[in-house]
Each structure stands twice: as C-alpha cells, then as structure tokens.
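>>> Predicted coordinates and the sequence they were generated for:
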Amino acid sequence: MPDLEQLSTWDRESFFHPSTHLGEFARGDAPRRQMVGGTGCFVEDAGGNRMLDAFAGLYCVNVGYGRTEIADAIAKQAHELAYYHAYAGHSTEASVTLAKMVVDRAPAHMGKVYFGLSGSDANETNIKLVWYYNNILGRPKKKKIISRWRGYHGSGLMTGSLTGLHLFHQKFDLPFDQVLHTQAPYYYWREDESQSEAEFSAHCAQQLENLILSEGADTIAAFIGEPVLGTGGLVPPPEGYWQAIQEVLDRYDILLIVDEVVTGFGRLGTMFGSDFFGLKPDLITIAKGLTSAYAPLSGSIVSDRMYDVLMQGTDENGPLGHGWTYSAHPIAAAAGVANLKLIDDLGLLDNVNKVGPYLVKGMAAALQDVPWVGEVRGVGMLCAVELVKDRANRTPLDASTKAAMSTVAAMAERGVIARAMPESQVIGYAPPLCLSTEEADTIISVTRESIEKACAGL
C-alpha cells in the first residue's frame, strides 16, 4: 500500500482536480487534504485531524457520514445485480422503488422521474426535454432559456451557460446564444437601498418581463432558477419574489425549471424547496440529497402536462432519443432508497426546522458587532455570512483581499470546514441535516474567531 507521502506525490502528478487552481496545486503552492473517514457531521483526514463539516461535502451529505444502512444497501445491490441498463423498458427493483418514492414526495402534479448521474446532466436533460416539448407543440422558435446572474446549474456546455457566474464562462466560449440572464434576487446588493423586499421583488419581475418582451415571448421556452441561490451566495429570495416571477412566466406561457439540487430532500425543512415557496414547476432538478452523495445519482422530475406531450412525441416520431448508460444505475438507486428512508426514520426535516433557525439566529447574534460582517442570512439548514469593508455603507471588499478564503482557512485550522463562495466575499454553511445545536454552537464560535483573525489587518 502506498504511504501518505507517495499518495501526495501521485496526487499532484496524476490527478486532475475539478474547480482547482491547476498550476498552484501541481507546484505544491496550494494545500492538499486527503479524507479518510467520517461519522455524523464529522470527517477525518489522513493526518488524523477530525473536522466538523459545516458544508456537508458540497451541500450533499444530508443524512451525515457513516450511515451503515446506505452502505449495506449498496453492498447488497452490488452482490445481487451490480448493473443493468434502463433503456427500452428495462428496470430493477431499486430503480422502480426509488422512482415511486421520489414521485410520492414531489408536488402532486409531478408524475415521472428520469434518472441521471449529476445535477449538470439532469439540467442538460431538462433543456433537451423543453426543446422537444416545444417542437412537438409546433413552436420551433420557442427555444431560449432565461437563467439568473449568480445562479448555478452545472458546468457542462449548456449547463455552464445557464450558470450565471463568470468563472464558469471564462475562456470556455460560454454562454451559448440560446441562454439569457436576468437579475439575481440578491436583496442585500440592491442598487436602490430604499426598496423594500416586496418592491425589489417587483423590480426583479419587471426586469424579467422586459427581457421577455425585448427578445419576443414566442422565442422564450423556459426560466430556470434555484429556490434559494446556492453557489452564487446562499441567498434566500426576498418577500414575494417567486409569486411575482411565476405570474410573469404564466402570462407568457414559459415553462418553469426549478433546480432543487441543493434544496431537495430536506435542506429547507420541507421535502422540496418548491413546497417551501409554493412553486409550481414543470421540471424539478434533483441530485445531491437524493442519495446524500453515497452514490452518484440525479434526476429530472417531469410534470404530468409535459409528460403527456412527450408521449405524444414518441407516438409521432418513435422512441425518445435521449439516455445515459448509467441512468437509474441499480447501485445508486439502492443508495437512494435507503437514504430517503433514513431521512424519514431520523426525523431530519424536524431537525432542520429546529437547528437551522438556531444556527442562523445564533450566527447573527454572535457577529452583530463584528465590523466586517455586512449580513448574516439563511433559511433551513443554509446560512451565509457576507463580509464587507464598511457595513454602514455596504462598501464591498476588494476581491484581492480574499477575506472569505482567509476566514475559511482559519476555520479549518480550528477544526471546522466552511466554504468561501465563488466570486464573492461570502462564507457559506450547509451542514448535514443531522446537525445538533451543540455542533451549531461550535460553528458559530469558530466563525467569529476566524473572521477576527482573517480580517484584523483589513
């Protein structure tokens, strides 16, 4: 077996890491951490450091680490039938059971689920289904997709285009022309400070309507949005936002894709963010919490009205020309079945409704007198701390200060993992849904200590 030093060398020589500064990592100028174990809300690295994971991997280990129920389900499925495809009506007990469990938990008008592997490929599926849908209905011009700046929907070609963060466009020749972006519902950074939340929501809806009218409503197929902005800053929508947006979409017959990769399966204290905000989606994107990342699996939940048109399309044109080799992979599906059962058995939605507000309110109280903290916000088991240069005037910190990154590094030294959100000075938290109030207190106290250390010289 290779020792830790050998693995470190192989890592820098051979492993192409995602979302990484490649030069710094290869030269040894960036840190490397090898994870080896985890239990509950804690992970352990190869150096023996036990750390409270306040970001649940990448918002995904919802049930916590070390759940043997899921591991056993994976092993059992692997021994019985490691793989069979889902093409042309083939299935496994695990894939059928999981589809039923997902549809039973989804909004009542959502009737079918297509399984993939990642949130990115699920959103690729969604766009193809939207285009197919409009072609079957004889609307070949209705193809453009409106996303939002600071939204995150993946890092593929189409999904990277949907993502509203420049990092995912830069030097990749993205976004594609079929994708448009409208204003993010980021109330803290509103231009008109006098606006109430409801007024800002109305402003965002008007910006969306102006874009639709300027492009032509007959060219706009769908709008995609996360119930809560995730990677773009963990930003809950302002008052009345989703109601105002849905009214615009209904007015112009534009489909709604709700990206629930982060919010699905309990993160907001409801099974879906669509339930929390009263959304009426045509498609729902799921991944992460579907298996709590114990196995890679994603899905596109399709509304009944869309599925009726898709069936019409296959009656007219033959089988739907879309599929992945690993769609509904039985090992991943078995993980999903065990995971959704655990969410229920452990009462995790109740825990989110108890501990989530405790974390957000406690964080706000602990940081209220810290001069670099402009805002503490959150909903469910999501929390964010926005760092600024001047709180009174909402003066942003220059990106070169790397204040959020320095804070997160200081937190890691103190045994807590948080995330410096990209293209911002935001510290993000999305812990496992099993977080206790005592663990929340640790996150809060370490955050304050770390901000004071990281920002002392600013």
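Cool, got the structure. Everything numeric here is computed off the predicted structure, so don't read it as measured data.

>>> For Gly48, see how far away Ser450 is.
21 Å (C-beta to C-beta, to the nearest Å). For every residue, glycine as well, the C-beta is placed using N, CA and C.

>>> Name the residue in those two with the higher neighbour count.
Ser450 (22 against 7; other C-beta atoms under 10 Å).

>>> Model confidence for the residue nearest to Tyr186 when sequence neighbours are not counted, exactly?
Counting by C-beta to C-beta, 6 or more residues apart in numbering, the nearest residue to Tyr186 once its immediate chain neighbours are dropped is Val235, at 5.3 Å. What the model reports as pLDDT for Val235 is 98.

>>> With Phe277 instead?
98.

>>> do the same with Ala392
Checking the pLDDT column for Ala392, the value is 89.

>>> how many neighbours does it have?
Burial measure for Ala392: 8 neighbouring residues, criterion other C-beta under 10 Å.

>>> The one 10 residues further on too?
Under the neighbour criterion other C-beta under 10 Å, Lys402 is assigned a count of 15.

>>> who touches it in this structure?
Counting by C-beta atoms under 8 Å, 6 or more residues apart in numbering, Lys402 makes contact with Ala420.

>>> Where does pLDDT dip in the protein?
For the chain, no stretch has pLDDT under 70.

>>> now for the longest strand anywhere in it, which elements pack on it?
Secondary structure assigned by DSSP state E gives strand 382-390 as the longest strand of the chain. Other elements packing on strand 382-390 under the criterion 3 or more C-beta pairs under 8 Å, 6 or more residues apart in numbering; DSSP states H and E are helix 348-367, strand 373-379, strand 395-396, helix 403-413, strand 426-429, helix 437-454.

>>> Is the residue nearest to Tyr186 in contact with Leu229, as I believe?
Yes. Here Val235 reaches Leu229: they are 4.0 Å apart, a contact under C-beta atoms under 8 Å.

>>> which residues are common contacts for those two?
Common neighbours of Val235 and Leu229, counting by C-beta under 8 Å, 6+ apart, are Arg150, Ala184, Pro185, Tyr186.

>>> Nearest spatial neighbour of the most centrally placed residue in the chain, chain-adjacent residues omitted?
With the centre of the chain defined as its mean C-alpha position, the nearest residue by C-alpha atoms, centre = their mean is Val262, 3.2 Å away. Among residues not flanking Val262 along the chain, Gly230 sits closest, at 4.3 Å (C-beta to C-beta, 6+ apart).

>>> which ones are touching that neighbour?
By C-beta under 8 Å, 6+ apart, the contact list for Gly230 reads Tyr59, Tyr152, Val261, Val262, Thr263.

>>> now do Glu193
With C-beta under 8 Å, 6+ apart, Glu193 has these contacts: Arg394.

>>> ok but it is inside a strand, no?
No. Under the criterion used here (DSSP: H, G, I helix; E, B strand; the rest coil), Glu193 is coil, not part of a strand.

>>> Quickly note the distance from it to Ala334.
When distance is defined by C-beta to C-beta, Glu193 is 52 Å away from Ala334.

>>> Pretty sure the residue nearest to the centre of the chain sits against Tyr59.
Yes. Here Val262 lies in contact with Tyr59, judged by C-beta under 8 Å, at a distance of 4.9 Å.

>>> shared neighbours of those two, which are they?
Common neighbours of Val262 and Tyr59 are listed as Gly230, Lys288, Ala430 (criterion: C-beta under 8 Å, 6+ apart).

>>> how far away is the nearest residue to the second one once chain neighbours are set aside from Phe15?
The shortest distance from Lys288 to any residue other than its chain neighbours is 3.7 Å, reached at Cys60 (C-beta to C-beta, 6+ apart). In this structure, Cys60 and Phe15 are 20 Å apart, going by C-beta to C-beta.

>>> more neighbours, those two?
Cys60 (22 against 12).

>>> list the contacts for the more buried one?
Ala287, Lys288, Gly289, Ser292, Ala293.

>>> list the buried ones in stretch 429-440?
Counting neighbours by 16 or more other C-beta atoms under 10 Å, one finds that the buried residues in stretch 429-440 are Tyr429, Ala430, Pro431, Pro432, Leu433, Cys434, Leu435, Glu439, Ala440.

>>> hang on, Val408 packs against Arg419?
Yes. Between Val408 and Arg419 a contact is recorded at 6.6 Å, counting by C-beta under 8 Å.

>>> Find residues that contact each of these two.
Taking C-beta under 8 Å, 6+ apart as the contact criterion, the common neighbours of Val408 and Arg419 are Ile427.

>>> returning to what we had before: just the contacts of Gly230: which are in helices?
The helices in this structure, assigned by DSSP state H, contain Tyr59 from these.

>>> Could you single out the nearest of the shared contacts of Val235 and Leu229 to Leu4?
Among the shared contacts of Val235 and Leu229, Arg150 lies closest to Leu4 (C-beta to C-beta), at 38.4 Å.

>>> and the two most separated of the buried residues of stretch 429-440?
Set against one another by C-beta to C-beta, the buried residues of stretch 429-440 have their most distant pair in Tyr429 and Cys434, with a gap of 14.5 Å.

>>> Would you tell me which one of the helices and strands packed on strand 382-390 is buried the most?
strand 426-429 (a mean of 26; mean count of other C-beta atoms under 10 Å).

>>> For Val262, see how far away Leu382 is.
8 Å.

>>> which residues are common contacts for those two?
With C-beta under 8 Å, 6+ apart applied, the overlap between the contact sets of Leu382 and Val262 consists of Val228, Ala430.

>>> Just tell me which of the helices and strands packed on strand 382-390 ends up closest to His21.
Across the helices and strands packed on strand 382-390, closest to His21 is helix 403-413 (C-beta to C-beta), at 11.3 Å.

>>> Quick one: name whatever helix or strand follows that closest one.
Following the chain from helix 403-413 toward its C-terminal end, the next helix or strand by DSSP states H and E is strand 416-417.

>>> Could you list the paired strands of that following strand along with their orientation?
When pairs are called by DSSP bridges, strand 416-417 turns out to pair with strand 50-53 (parallel).

>>> roughly how far is the strand it pairs with from the heart of the chain?
The chain centroid and the centroid of strand 50-53 are separated by 21 Å under C-alpha atoms, centre = their mean, to the nearest Å.

>>> Can you give me the domain assignment for the chain?
Domain segmentation of the chain under automatic domain parsing yields 33-63+347-454, 70-345.

>>> okay if I get those domains as CSV plus distance to Gly23?
Converted to CSV, the domains of the chain look like this (distance: least, C-beta to C-beta, whole Å):
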stretch, distance to Gly23
domain 33-63+347-454, 17
domain 70-345, 14
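
>>> which one of the ones you listed lies closest to Asp11?
Taking C-beta to C-beta, domain 33-63+347-454 is the member of these nearest to Asp11, at 7.5 Å.
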